[in-house]
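Trainee: what follows is a predicted structure for the sequence shown.
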Amino acid sequence: MKKIIFFGGKGGVGKTSCASAYALASAKSGDKTLLVSTDIAHSLSDIFNKKLAPKEKKIEENLYCIEIDADEEAKKYIEGIKKNISESIDPNVVEEIKKQLDMAYVSPGTQENALFDKIMDLIETKIGGYKRIVFDTAPTGATLRLISLYTLLEDWITSLIKRRKSILNKFEIASKTFPELEKKYKDDPVLKILEKRRIEILKGRKILTDKGNTGFYLVITPEKLSIQETDRSVKILEDLNISIEGIIVNRVIPETEDEFLSKRRKVQNDKMEEIKDLFKEYPIIYMPLFDNEVEGIDTLLKYSKILADQIS
């Protein structure tokens, strides 16, 4: 079992149940485990029947949980930018920039940036105290935007650094204020912020693409839309060079004499053949449809045992 594990998949396929079961199995094996929800619509509290928060809470022996508050992280992210510009930008324009940043709080990408930073911070600061960190993520689209963010940000930051250096070069030619390029780059506060951000992004990419320590499980149900979305997700994760640990087929109907369920199982069997063919390069794990909700430690223990028996 790797040190950093992400669970992803289409909304409603049972990512939280699988992530929780995996984390519980890890804890029961004696490994101190941190389970983190990055989904805005948190479900960990419901599964464990305990009120969770952005701070670690002990659930069971060796198992701790966190539910990240995406809105709060976005606010902290914007406040951090405000602090940086206050220390490096002309005071005459700072207030106007701050107004623009307040509007950016609700803009697309702000929460993704904030969550990306929070995930990386948790990994860096908490991994030393835990044997394993398990992430229960948002539905696939949001998660893949989040995971792929480092690639987009790296290109963007590199472009900004290049442009900033170009501006400084032109400023030097015009004013002759800086006699040496090295000193000019070193002393420029904006360039310092950009270089620091670039280092953070590169560190994030290294963590996510470390196939020895980081892996991704995709949860799927034997249904057309779930299969299609998972297929797209696999291709994106492969392009990002992120290790896919396996495909978890959830809510598989067991053998039954019930006429209705038998018909549904036949449909599922056809889809499971498609899943086996489409994802043959990866381990496939089958989780049964339970006759009750997967919540509470007792039910989750049964669920986690079935999962643990199939995961090496």
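Mentor: Looks like it arrived, so ask away. Everything numeric here is computed off the predicted structure, so don't read it as measured data. Numbers count the residues shown, from 1 in each chain.

Trainee: strands of the protein, start to end?
Mentor: For the chain, applying DSSP state E gives strands covering 4-9, 33-37, 57-60, 63-67, 132-136, 214-220, 244-252, 284-288.

Trainee: contacts for the last one?
Mentor: Same thing as strand 284-288. 14, 18, 246-254, 272, 275-276, 303, 306-307, 310-311 (Cβ atoms under 8 Å, 6 or more residues apart in numbering). In this view, the C-beta of every residue, glycine as well, is placed from N, C-alpha and C.

Trainee: which of those residues are buried?
Mentor: Among the contacts of strand 284-288, the ones that count as buried by 16 or more other Cβ atoms under 10 Å are 14, 18, 246-251, 253, 272, 275, 303, 307, 311.

Trainee: how about TSV for those, with distance to residue 50 added?
Mentor: Below are these laid out as TSV (distance: Cβ to Cβ, whole Å):
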residue	distance to residue 50
14	19
18	19
246	28
247	30
248	24
249	28
250	23
251	24
253	30
272	34
275	34
303	17
307	21
311	25
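
Trainee: so where's the stretch 1-150 of the chain uncertain?
Mentor: The stretch 1-150 of the chain contains residues with pLDDT under 70 at 41-42, 77, 81-82, 84-110, 140-143, 146, 149-150.

Trainee: now do the contacts for the nearest residue to residue 265 once chain neighbours are set aside.
Mentor: Nearest residue to residue 265, sequence neighbours excluded (Cβ to Cβ, 6 or more residues apart in numbering): residue 253, at 4.3 Å. Contacts here follow Cβ under 8 Å, 6+ apart; on that basis residue 253 touches 261, 264, 265, 268, 288, 289.

Trainee: any idea how far residue 13 is from the closest residue to the fourth one other than its chain neighbours?
Mentor: Among residues not flanking residue 268 along the chain, residue 222 sits closest, at 4.3 Å (Cβ to Cβ, 6+ apart). Taking Cβ to Cβ, to the nearest Å as the measure, residue 222 and residue 13 are separated by 10 Å.

Trainee: what sits in contact with each of the two?
Mentor: Common neighbours of residue 222 and residue 13 (Cβ under 8 Å, 6+ apart) are residue 251.

Trainee: tally of neighbours for residue 32?
Mentor: By the criterion of other Cβ atoms under 10 Å, residue 32 has 14 neighbours.

Trainee: run through the residues that contact it.
Mentor: Contacts here follow Cβ under 8 Å, 6+ apart; on that basis residue 32 touches 62, 64, 129, 130, 131, 132.

Trainee: let's see that with 6 Å instead.
Mentor: 62, 130, 131 (Cβ atoms under 6 Å, 6 or more residues apart in numbering).

Trainee: equivalent analysis for residue 148, please.
Mentor: Residue 148 touches residue 240, counting by Cβ under 6 Å, 6+ apart.
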